[in-house]
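Visitor: Output the structure for:
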Amino acid sequence: MGLLLIFAGIFYQYVIRRQSFSIFSSPFSWLFFAYLFLVLIQAPLASINFNQSVLNGLVAVRQQFYYLSFFLFISVLKTPSDVFKFMKILTILSVIALILAAIDTFGPNIVRNQFDMGDGVSKIRSSIAVPTVPALNLISVIFLWQVSIWSFATDKSTRFWGRFLTVFLAGAHVWQQGRWRLLSIVVAALSMLVLKRRIKLLFSLVLVGITAVVIAEYRMETNIFLNPFISGMETVKEQKGSAAARMRQLEVDLEIFEKYPYVGGGTLAIRVNESDFSYRRKEEISRKADLGYTHLLKHLGILGIVWLVFFYILLWVYTILGSKNLPPEHQSITAFGYSYLVYFIVSFVMENHLMFPHSIILVCLVAAILSVASGEFNGNGEANSNSTKSGLE
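Guide: The predicted model follows:
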């Protein structure tokens, strides 16, 4: 259904409304087309290596076409003002998602709970009921956006809401108790403040953080800030729980990479069927969740890592262009670009942002936002000639 909406939106914008096709010549456009090319060749590779039809392979990789959402975003977000309006809408949706999570945890179950223990009771971690938070990837991105708003907004009211939402969304991540995600957003936010020289705000946040950790240590039964990381180190040391499962995934990833090192061997295009006698093995080698870097190596080989390097370079370059192109009141967009890049680099160790629709859409949204910030497109959605080159100069 999501793909149909994307295709319908692209048809409406570029065929009916006659949006300029010059957008398709941007560096991000070519990068996403290159990714889709790598994905498409996985279908015949899966046919050769895993004895399934090319059609089944194409069906298995269909979700990767969510990368086309970039062209929909860039046709709608034409100016920095459009970006701010759209991110306000996403912020409201994030708050609604957290309210639903709270109701689901402490009241009737209205959200599917992946931590459900079988009797309607949520899993307890750090002496608190861990919620199922819908759209958690979106909430992480909105947290980074609000930190950037807090850091650069010139209007007092905007700064107040940025400060309030930053604390609120940070609290939601602590409540969710996802250790690597929590580490990623903290590192990203602090790195952005260092890069953008917001030293006073940086020291203020560090001081508040240390105070919160100390209070939790002495006033709570379990320190909700430190316990996720302490328990995580214990599982790694004892090789149990999620640590053991991820070590097994790492072994499989490296095994497949050694066998198909250049462009992958079609594992991304394997269509798993429970009736298949080799179901368990196929499920294991086609797995996309969790480990980002090694899954990319397994599924797309060395070319996949090369693609990722170019993606990081473009995020960095477009953020720099935005800092040169945008007026002071819009510099929060470039701060967001810095923080998202750091967040992606760190979180991709344990979170695969490139192969699931809910994450792909956010990757495309950030690419579109930075494209607008860089001045690559004018207010009519048309490419400005040589904008990227002149911006760097």
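
Visitor: can you count the residues close to Val317?
Guide: Look at Val317: counted by other CB atoms under 10 Å, it has 16 neighbours. All C-beta spots, glycine's among them, are computed from the backbone N, C-alpha and C.

Visitor: Surely it forms part of a helix?
Guide: Yes - counting by DSSP: H, G, I helix; E, B strand; the rest coil, Val317 is found in a helix.

Visitor: Could you check how far it is from Tyr340?
Guide: 14 Å (CB to CB, to the nearest Å).

Visitor: number of nearby residues for the nearest residue to Pro44 once chain neighbours are set aside?
Guide: Excluding the flanking residues, the one nearest Pro44 by CB to CB, 6 or more residues apart in numbering is Val54, at 5.6 Å. Number of residues near Val54 (other CB under 10 Å) recorded here: 14.

Visitor: Same question for Arg246.
Guide: Look at Arg246: counted by other CB under 10 Å, it has 16 neighbours.

Visitor: Correct me if wrong: the residue nearest to Pro44 contacts Leu45.
Guide: No - checked against CB atoms under 8 Å, the pair Val54 and Leu45 is beyond contact range at 9.7 Å.

Visitor: Tell me the buried residues in the helix or strand encompassing Ala373?
Guide: For Ala373, the host element (DSSP states H and E) is helix 357-374. Neighbour counts over helix 357-374 (16 or more other CB atoms under 10 Å) mark 357, 359-374 as buried.

Visitor: what's the spacing between Tyr14 and Tyr260?
Guide: According to CB to CB, Tyr14 and Tyr260 sit 36 Å apart.

Visitor: need the contact list for the closest residue to Thr166 other than its chain neighbours.
Guide: In this structure, Thr166 finds its nearest non-sequential neighbour in Gln146, 4.7 Å apart by CB to CB, 6+ apart. Residues counted as contacts of Gln146 (CB atoms under 8 Å, 6 or more residues apart in numbering) are Thr91, Gly162, Leu165, Thr166, Leu169.

Visitor: Keep only those of those that are in strands.
Guide: Among the contacts of Gln146, the subset assigned to strands under DSSP state E is empty.

Visitor: Those in helices, which ones?
Guide: Judged by DSSP state H, the contacts of Gln146 include Thr91, Gly162, Leu165, Thr166, Leu169 as members of helices.

Visitor: could the residues you listed be laid out in a markdown table, adding distance to Ala101 and pLDDT?
Guide: Output for these, formatted as a markdown table (distance: CB to CB, whole Å; pLDDT from 0 to 100):
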| residue | distance to Ala101 | pLDDT |
| --- | --- | --- |
| Thr91 | 16 | 93 |
| Gly162 | 22 | 79 |
| Leu165 | 16 | 85 |
| Thr166 | 18 | 81 |
| Leu169 | 12 | 83 |
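
Visitor: To what extent is Ser347 buried, counted in neighbours?
Guide: 23.

Visitor: Also Phe311?
Guide: 20.

Visitor: ok, now Ile313?
Guide: 12.

Visitor: Would you quantify the distance from it to Met355?
Guide: 20 Å.

Visitor: Look up how far Ser323 lies from the residue nearest to Thr166.
Guide: 19 Å.

Visitor: Ok, Ile333 next?
Guide: In terms of CB to CB, Ile333 sits 9 Å off from Ser323.

Visitor: What's the separation between Gly266 and Gln249?
Guide: According to CB to CB, Gly266 stands 18 Å off from Gln249.

Visitor: Pick out whichever of those two has more residues nearby.
Guide: Gly266 (26 against 18).

Visitor: how about that one, what does it touch?
Guide: Gly266 neighbours (CB under 8 Å, 6+ apart): Gln42, Ala43, Pro44, Leu45, Ala46, Ser47, Ile48, Asn49, Phe50, Gly57, Tyr260.

Visitor: ok, for the fifth one, nearest residue in space, not its chain neighbours?
Guide: Spatial nearest neighbour of Ala46, excluding adjacent residues (CB to CB, 6+ apart): Gly266 at 3.1 Å.

Visitor: Now that neighbour: phi and psi?
Guide: The phi/psi pair for Gly266 (degrees, to the nearest 10) reads phi 100, psi 10.

Visitor: mind starting the numbering at 20 from now?
Guide: That works, and once the first residue is 20, the last one we named lands at Gly285.

Visitor: Tell me which residues are up against stretch 307-325.
Guide: 57-58, 61, 265, 268-269, 271-273, 275-276, 279-283, 286-287, 304, 306, 326-327, 366-375.

Visitor: Just the buried ones from the residues you listed?
Guide: 57-58, 61, 265, 268-269, 271-272, 275-276, 279, 282-283, 286-287, 304, 306, 326-327, 366-367, 369-375.

Visitor: Check the separation of the first and last residues in stretch 366-373.
Guide: End-to-end distance of stretch 366-373 (CA to CA, to the nearest Å): 12 Å.

Visitor: Nice, that's everything, thank you.
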